[in-house]
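In: Any chance you can model this:
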Amino acid sequence: MIGFSGIIYDQPAPASQYEDRLKEMLSALEGDQPSTIQTIELRSTRGAEGILGFITNRIQATIVEDDRWMLIVYGRLFDDETSNQSTILSRSLPEANTLDHRDVLRLNGGFTLFKFNKHDGTLHLFRDRGGIKTVFYHHAEKATLLSSGLRGVAKSSLFTQKELDLEGLWMNVAYPAPTQPLTCFKHVHVIERGAYLSLHDGRLSTDKYWEIPSRNIDENMRFDDAVALTHETLNTATKRRVGNGASIGSTLSGGVDSAYLTALAHHHDPSVEAFTFKVKGAAFDAMNEDDVASLTAKKHGITHHIRAFEYEDFTSELKTLVRLYEQPGISLGAYFSIASIARDLKYDQVINGLSADELYGGFHYFKHLEYWQWLRLLNPVAKLLPPNLHKGIDKFKRIAGARTIDEYYARSFAGYLDEELRALFTDANYRSIDVQKRLYNSSQEPFADATSGLMHYMFSNCPNHHIYRFENFSNHLGVMPLYPFLDNDVIDAALSIPSRHKVRGHKRKIVLKQAAAPWVVQPALTEAKRGVGAPLNAWIDNKLSDLTKQSIEQLKQRGIFNAEYLDKVVLQYPAQYGKKTWKLVLTELWLQEFID
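Out: From the prediction side, this is the model:
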């Protein structure tokens, strides 16, 4: 599946009135692989209520219905008894009238569920718990536009209110992507993970059917039981996703997450292959992980492909990358490069380890929690140090300035802090932490500890960036991603495990590594993760210099950002701050693609 768009009428109308508009939206989502269009008309006893279009390559949308309900699933459902999508979805039909959403809660996988009432014309759209499938929506004149991609809405001639949402843009410059349900457009929103949108007679409302169970921790759980639970759920989740006759590849880096999943997938389906991304050139050997990945593949006898990328590979499709980012991105799209390997190897589906760090405490900021309280005492000193001189000093300033775990997250993961953004924007002033708390932690209930709180915020953010972008890239290239770490059972199990079994001092992902130990090579457990990405810092002042200066100059003319700040601060950043400068380059390129 590549994507979908839909137009839901405020009042019943002839489908022919909107068919060309739907084609227009779908054309904005088309990928680079052969595909077909599956069109579904929504009809109630009152008449035609809307029209949906699905761009498909190998798998079509699944439809089941009875006298009252039509259920449509875009995505993939997983079940221990069958892989037949209609059979799985049919089990929800008898419970479609229930108010507790048990019909949706029983569904496991990455999906958008359309639940259409054929009697009164009401449509409910549900987004999966993992936040894998994204749904954007905009209420236009006389109709509501729906799409799996923001470009499906933004490129529509029915979308006439192309007004920037400064709060969304503020959050997008601060972080890799806006905090959902915000977008960079004032009149376009996203259905949150575990939430649904209801449409009837032009009226829209949203609500949650599921909340992240960050506070459902079994504090009495023993470490050995946590290890067994981790392996049992992840092994089952992986088994659910393989052995279906599809050609499957598994992303394989030097870390424990991908190594563990690759080994499990190959165990259940020996046809599964592995592939590894690296950056070409001796200067980048220290950041590549193909050496450890090769050891994992050799241990299990897995066919292993390694592809090296150089500067031209990253930049040759920059315009496509900007379009698929859909909102200002953060890098040169290593995920796009990874998805392109899968396409070139002709895989139908790709297993990846996204969300493991968020669920099991893998990011390096978890290890700083050990001495965060002490660093807070040094905040008066930290305030005196100038910014953007050295990354180590900046990290100290960020952590020392955090008074609560909410602030710790907001400051640690921001590319730009609020004080920088106030100087950067000409007419905007927001507090990132207030937005994060409003959208990610509205209940303000206390967390069991700082580690659990940080995991909650990180897992809340996961669908906004990594998953959203990898989905867009992969679907465009005709590949379906598979996320075992976002299986319902894995999420529930991981969040029930006490944080002491995940992070202890500088040790991270403790329980996951223990579960993975029999399946992976020692370096995947003990060596520091080097990360996967394009070496922006190495290119920002040379190969990317002309594009950078040109884009910043164009950005200055828009009036959104302070021209003097762009000249005196941004263009003077040391090369090690390449991502901060590049963020603004991508902001200008996005404005050219989606606004101009």
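
In: so where does residue 276 fall, helix or strand?
Out: Element membership of residue 276, judged by DSSP states H and E, is strand 273-279.

In: helices and strands around that strand, which ones?
Out: Judged by 3 or more C-beta pairs under 8 Å, 6 or more residues apart in numbering; DSSP states H and E, strand 273-279 is in contact with strand 248-251, helix 290-300, strand 304-309, helix 334-344. C-beta: built from backbone N, CA, C; applies to glycine.

In: out of those, nearest to residue 272?
Out: strand 248-251 (4.9 Å; C-beta to C-beta).

In: who's in contact with that closest one?
Out: With contact meaning C-beta atoms under 8 Å, 6 or more residues apart in numbering, strand 248-251 is reached by 242, 258, 261-262, 265-266, 269, 271-277, 305, 338, 341-342, 345, 347-353, 482.

In: what pairs with that strand, and is each one parallel or antiparallel?
Out: Note on strand 248-251: by DSSP bridges, its sheet partners are strand 273-279 (parallel), strand 349-351 (parallel).

In: For these, please prepare TSV with the additional fields mean neighbour count, distance to residue 81 and mean pLDDT.
Out: TSV is the format used below for the strands paired with strand 248-251 (neighbours: other C-beta atoms under 10 Å; distance: least, C-beta to C-beta, whole Å; pLDDT from 0 to 100):
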stretch	mean neighbour count	distance to residue 81	mean pLDDT
strand 273-279	23	27	96
strand 349-351	24	20	98
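
In: Dump the ones you listed into TSV; add distance to residue 129 as well.
Out: Formatted as TSV, these follow (distance: least, C-beta to C-beta, whole Å):
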stretch	distance to residue 129
strand 273-279	28
strand 349-351	19
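
In: Ok, which of the ones you listed comes nearest residue 208?
Out: Closest to residue 208 of the strands paired with strand 248-251 is strand 349-351 (C-beta to C-beta; 29.0 Å).

In: Which helix or strand lies directly C-terminal to the closest one?
Out: Following strand 349-351 toward the C-terminus (DSSP H and E): helix 356-360.

In: Give the rounded mean pLDDT of that following helix.
Out: On average, the pLDDT along helix 356-360 is 96.

In: residue nearest the centroid of the protein?
Out: residue 467 (2.4 Å; C-alpha atoms, centre = their mean).

In: CA-only coordinates of the helix or strand containing that residue in PDB, if you can.
Out: In the assignment (DSSP H and E), residue 467 maps to helix 466-476. Backbone C-alpha positions of helix 466-476 (Å, rounded to 0.1, in the frame of the first residue of the first chain) are rendered in PDB as follows:
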ATOM      1  CA  HIS A 466      11.000   8.300  12.800                       C
ATOM      2  CA  ILE A 467       7.900   6.200  12.000                       C
ATOM      3  CA  TYR A 468       6.100   9.000  10.000                       C
ATOM      4  CA  ARG A 469       9.100   9.600   7.800                       C
ATOM      5  CA  PHE A 470      10.100   5.900   7.300                       C
ATOM      6  CA  GLU A 471       6.500   5.100   6.400                       C
ATOM      7  CA  ASN A 472       6.500   7.900   3.800                       C
ATOM      8  CA  PHE A 473       9.800   7.000   2.300                       C
ATOM      9  CA  SER A 474       9.100   3.200   2.200                       C
ATOM     10  CA  ASN A 475       5.500   3.600   0.800                       C
ATOM     11  CA  HIS A 476       6.800   5.900  -1.900                       C
END
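
In: pretty sure residue 32 is touching residue 478, no?
Out: Yes: counting by C-beta atoms under 8 Å, residue 32 touches residue 478, with 7.2 Å between them.
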